[in-house]
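S.K.: what shape does this take:
(chains A and B)
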Amino acid sequence: DAKTTQPPSMDCAEGRAANLPCNHSTISGNEYVYWYRQIHSQGPQYIIHGLKNNETNEMASLIITEDRKSSTLILPHATLRDTAVYYCIVRDDYKLSFGAGTTVTVRA
Amino acid sequence: DTAVSQTPKYLVTQMGNDKSIKCEQNLGHDTMYWYKQDSKKFLKIMFSYNNKELIINETVPNRFSPKSPDKAHLNLHINSLELGDSAVYFCASSRLAGGLYNEQFFGPGTRLTVL
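M.R.: Numbering: from 1, shown residues only, chains lettered A, B, ... in the order given. Okay, the predicted model is just below:
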């Protein structure tokens, strides 16, 4: 019952920007977009979240379209350690509902 | 000074046994969670406690019983273990502020294998 659609996998070259798309066409006005990632054999790690404005932190940037029906997570300079499953989650309460995510492989 | 810790990291046991997984957080958070990640890698929430009170209880067999002795701990006890309980169990915590549950911090996981 995930509310988001992400590509199952993508490759990225080390040192280049990685742009991860997410569709959330049924998002409602009070729902936030959250991004988490899970590196192999570790617990999920929070990356960033936003409501309608673009957001940036030390890990990534989040670009949300004006109609809020899609967003893009940008890893500005991907490293091998960024290889992980990235989850885009639409959230309006205390629950995080994880979908299948995008498996991102960063190649040297 | 691990933020969210779980013990044990690995747990191998026989069907029918009763086992517990412990979780502790030192972040001063007031809300804690248990998630299950099955063999297909889907993460699903099981329970959540806020200030020691149960606030989320998804469709989980009543063989699973969470217990929160204080805000820093949320333990998961499982009775009569079944093969289908084999999974990785993650504990997480967060802080309620301004009416919104903020980002959750996850523990390293406990891999449970039921033989």
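
S.K.: got the contact list for the residue in chain A positioned nearest to chain B?
M.R.: Residue of chain A nearest chain B, by Cβ to the nearest Cβ: A:Gly43 (3.1 Å). Placement of C-beta: from N, CA and C, glycine included. Counting by Cβ atoms under 8 Å, 6 or more residues apart in numbering or on different chains, A:Gly43 touches B:4, B:90, B:92, B:106-109.

S.K.: what does A:Asn23 give?
M.R.: So A:Asn23 contacts A:4-6, A:69-70 (Cβ under 8 Å, 6+ apart).

S.K.: now it, which residues is it bridged with?
M.R.: Beta-bridge partners of A:Asn23, counted by DSSP bridges, are A:Thr5, A:Ser70.

S.K.: stretch A:78-88: how far from the chain's middle?
M.R.: 10 Å (Cα atoms, centre = their mean, to the nearest Å).

S.K.: of the contacts of A:Asn23, just say which sits nearest to A:Tyr32.
M.R.: The nearest member of these to A:Tyr32, counting by Cβ to Cβ, is A:Thr4 at 12.0 Å.

S.K.: isn't that closest one up against A:Ser25?
M.R.: No. Between A:Thr4 and A:Ser25 there is no contact under Cβ atoms under 8 Å: 9.3 Å.

S.K.: looking at the two, which is more packed in?
M.R.: A:Thr4 (23 against 11; other Cβ atoms under 10 Å in any protein chain shown).

S.K.: spell out which parts of chain A neighbour chain B.
M.R.: A:32, A:34, A:38, A:41-46, A:49, A:85, A:87, A:93-98, A:100 (Cβ under 8 Å from any Cβ of the partner chain).

S.K.: at 7 Å what do you get?
M.R.: A:42-44, A:46, A:49, A:93-96, A:98 (Cβ under 7 Å from any Cβ of the partner chain).

S.K.: of those residues, closest to B:Thr13?
M.R.: Out of those, the member with the shortest distance to B:Thr13 (by Cβ to Cβ) is A:Gly43, at 21.7 Å.
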